[in-house]
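**Student:** All I have is the shape, not the residue letters:
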């Protein structure tokens, strides 16, 4: 399993994403100006302020050379994870429905939040069970999810009651495309992989991507 | 040709920047202000103003969350 992590000018979480991904597979950094995905089996679009977030968050990064390849990769069914700014980029690229708007409180929010797993069928959450609660930090100013009016959206994670940091509609924290191979979330699972920083719940996302069997069946397992 | 593109938050979408300005004005003694919205002004010189609409749809605005108005003369 090789995970490619995109680096834009202005990315700031690509190294943490790479360190988290390295726990479950090989990794490679993918420079924004290159079209080569270096044989990655999955792509991570990390957090930060790609291209300065000028004009609108994610608006310019979406047209970078590497994103042309990421868009082709996603349309061919390849797994693509967008974290925070990466989520915004994937929305701008049309790979995920909706858009991210400035937080309702207009403030930068940085804290751990509880997330409820709504959909454990995606390649990014299959190490979880529906209803699991993950404690993962958020740190953003533009994280209020807006769904396209009249469209059904595949909601994968919601902020637990009382934990919505940004006024996101219906407490949406993470969505996937219909096929489930493109996934975006505002919280940062790469910052929650070591007990030193307070939680290891973010590992579930990376373990899911690497298809590490996370849950041994309670009954009927091997040798039963 | 000099052109201007005005980009506004779409009606019905919460515009916290507009709300913040709306609350700040009365605090400075300016009463009777409502429906404040904050958007963006983009000025540009273009050879072919016929391309402006495509520029807006593709990059300058996000039509899901923003309305745009082209002023070219």
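**Tutor:** Sure thing, it's come through. All values reported here derive from a predicted model rather than from experimental measurement.
**Student:** drop to CA atoms for contacts and neighbour counts, all remaining ones
**Tutor:** Will do.
**Student:** what residues are up against residue 21?
**Tutor:** With no chain named, the answer covers chain A. A:3, A:27, A:190, A:206 (CA atoms under 8 Å, 6 or more residues apart in numbering or on different chains).
**Student:** think we crossed wires, I meant chain B
**Tutor:** Contact partners of residue B:21, counting by CA under 8 Å, 6+ apart, are residue B:36.
**Student:** for the one 3 residues further on, same thing?
**Tutor:** Taking CA under 8 Å, 6+ apart as the contact definition, residue B:24 lies against nothing.
**Student:** Recalculate using a threshold of 10 Å.
**Tutor:** B:18, B:30 (CA atoms under 10 Å, 6 or more residues apart in numbering or on different chains).
**Student:** Please apply the same query to residue B:39.
**Tutor:** By CA under 10 Å, 6+ apart, the neighbours of residue B:39 are B:6-10, B:15, B:17-18, B:66-68.
**Student:** redo that, cut-off 8 Å
**Tutor:** Each residue near residue B:39 by CA under 8 Å, 6+ apart is listed here: B:6-9.
**Student:** now residue A:105
**Tutor:** By CA under 8 Å, 6+ apart, the contact set of residue A:105 is A:166-167, B:16.
**Student:** picking up where we left off before, so which of the contacts of residue B:39 sit within helices?
**Tutor:** If you go by DSSP state H, these have nothing in helices.
**Student:** can you list those residues in TSV and add neighbour count and pLDDT?
**Tutor:** Formatted as TSV, the contacts of residue B:39 follow (neighbours: other CA atoms under 10 Å in any protein chain shown; pLDDT from 0 to 100):
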residue	neighbour count	pLDDT
B:6	18	98
B:7	21	97
B:8	18	96
B:9	22	95
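**Student:** Quick check: the two most widely separated of those residues?
**Tutor:** Based on CA to CA, the longest span within the contacts of residue B:39 runs between B:6 and B:9 and measures 10.3 Å.
**Student:** Tell me the one among the contacts of residue A:21 nearest to residue A:62.
**Tutor:** Residue A:62 has its nearest neighbour among those in residue A:3, at 19.6 Å by CA to CA.
**Student:** Could you give the backbone dihedrals for that closest one?
**Tutor:** The phi/psi pair for residue A:3 (degrees, to the nearest 10) reads phi -110, psi 120.
**Student:** Out of the contacts of residue B:39, list just those in strands.
**Tutor:** Using DSSP state E, the members of the contacts of residue B:39 that fall in strands are B:6-9.
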